[in-house]
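In: the following comprises the amino acid sequence and a computationally predicted model.
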Amino acid sequence: MFTSRVIRQSSRLTRGLYLVLVQRCTAQLFSSMSNMPKPKVYVTRRVPQEGLKVLEPHCEITQWDSEKPVPRAELIQQVAGKDALFCLLTDKIDADVLDAAATQSVRDGGWGTWDPLWMLGQGLEGSTVGIVGLGRIGMAVARRLSPFGVSKFLYSGHHPKEEANEVGAEFVDFETLLGKSDFVLGCCALTKENQGLFNKKTFSKMKSNAVFINTSRGGLVNQEDLYDALKSKQIAAAGLDVTSPEPLPTNSLLLTLNNCVVLPHIGSATEKARGAMSALTGRNIMAFLRGEKMPCQI
C-alpha cells in the first residue's frame, strides 16, 4: 500500500521536473526492495501525477504540495533521511542540502557497530597528486591540498611554470602523470585539442587505486569510457563537478555507480565567489560603456 504524506495543498502543475538521487542509486534501491523498508522520497513541489504513480507502489513519499517553492529550512529538514529527492530545476540543491541528506546512514540505522572497512576511502597523506593544467585554478587547488600531507605534486601542460615551485610541483609529461598519480585532477581549460582527453586509453594508463576528479568542463571526459573504467574497477573512483550535458540526465549510467560522485557544478558556490563574479561582470560592463578594455575579456 502506498504511503504518502502531503504537507500543503494548492493547484496548478509545475514544469521542468528532474530527479536527483541523494545517496543510493535507483538500481540498488529496487534490487533489494523485498528485504528492506520502502525507500523514502521527498517531492519538492506539486508535480504531474504520472511521476508519482511510478513511485507509489514502491516508495514512501513526502511532498510539498504547492506551486510555490519549498522554503529553504523546510527543504533541509525534510531531505534528511530520504533516499531520493524529486525536485525542480529551480530548486537550489547545494552543499547544505546534500549534507542534510548525507546524514541518512546515521538516521536510518546504517551506522551500527564499528566496522573497520565501512565507508573506507583513500586519504591524501603520502599520496601523489597529478594536476592536468596548473593554471590559476590548478594552483589554487594545490595550495589547498598541501596541508593534507600530499607527498608529491605532478603537473602536465605545455611548459614548466615558475609558480609550481611554491608547492614543489614537478613538471612531467601527461603519460607519466597518469601512471604515477594516486589522484588525477582535471583543472585545464577545455579546448578543441583536449576534447575527450580522458578516455579509454587514458584511464588504462592510470593506477588501479587512482581517483579521477574533474572540475574543468564535462567535455574533457568521454563519460562512456569513464563508466566502463569505474564499473570494471580499472580505476578506483571518480568525482565530477562538471558533466556533459548539464544537468546530467537522470538515466546516465554514471549515476548507477557507488564509486562515482556527481555534483551539480557547484565549485564556485560560495557567497564570496558568486559576489566576485557579479562584481566582475559589472566592471566589464562599465569598462565597455567607457570604451575601455574590459578587466576580463574573452
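Out: Yep, that arrived. Residues are numbered from 1 along each chain as shown.

In: in the protein, which spans are helices?
Out: Under the criterion DSSP state H, the chain contains helices at 26-31, 49-55, 72-79, 95-102, 104-107, 136-145, 174-180, 200-204, 223-231, 271-289.

In: would you indicate which residues of the longest one are buried?
Out: Of the residues in helix 271-289, those scored as buried under the neighbour-count criterion (16 or more other C-beta atoms under 10 Å) are N284. Backbone N, C-alpha and C define where each C-beta goes, glycine included.

In: how far off centre is it?
Out: Helix 271-289 sits 26 Å away from the centroid of its parent chain (C-alpha atoms, centre = their mean, to the nearest Å).

In: and the contacts of that helix?
Out: Residues outside helix 271-289 that contact it (C-beta atoms under 8 Å, 6 or more residues apart in numbering) are 268, 293-297.

In: redo those residues as CSV? Include distance to K92.
Out: Below are the contacts of helix 271-289 laid out as CSV (distance: C-beta to C-beta, whole Å):
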residue, distance to K92
S268, 14
K293, 35
M294, 30
P295, 29
C296, 26
Q297, 30
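
In: who touches stretch 146-164?
Out: 123-134, 138-139, 142, 145, 167-174, 176-177, 180-181, 188.

In: please save the CA atoms from it in PDB.
Out: Extracted as PDB, the C-alpha positions of stretch 146-164 are listed here (Å, rounded to 0.1, in the frame of the first residue of the first chain):
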ATOM      1  CA  SER A 146      49.300  20.800   0.500                       C
ATOM      2  CA  PRO A 147      48.300  20.900   4.300                       C
ATOM      3  CA  PHE A 148      46.800  17.500   4.000                       C
ATOM      4  CA  GLY A 149      50.200  15.800   3.700                       C
ATOM      5  CA  VAL A 150      50.500  15.300   0.000                       C
ATOM      6  CA  SER A 151      53.900  13.700  -0.700                       C
ATOM      7  CA  LYS A 152      54.300  15.000  -4.300                       C
ATOM      8  CA  PHE A 153      52.500  17.100  -6.800                       C
ATOM      9  CA  LEU A 154      53.000  16.400 -10.500                       C
ATOM     10  CA  TYR A 155      51.600  18.600 -13.300                       C
ATOM     11  CA  SER A 156      51.500  18.500 -17.100                       C
ATOM     12  CA  GLY A 157      50.900  21.100 -19.700                       C
ATOM     13  CA  HIS A 158      52.600  23.000 -22.500                       C
ATOM     14  CA  HIS A 159      55.600  24.100 -20.400                       C
ATOM     15  CA  PRO A 160      57.000  24.300 -16.900                       C
ATOM     16  CA  LYS A 161      55.700  27.100 -14.700                       C
ATOM     17  CA  GLU A 162      57.700  29.000 -12.200                       C
ATOM     18  CA  GLU A 163      54.800  29.300  -9.700                       C
ATOM     19  CA  ALA A 164      54.900  25.500  -9.400                       C
END
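
In: sweet, I'm off.
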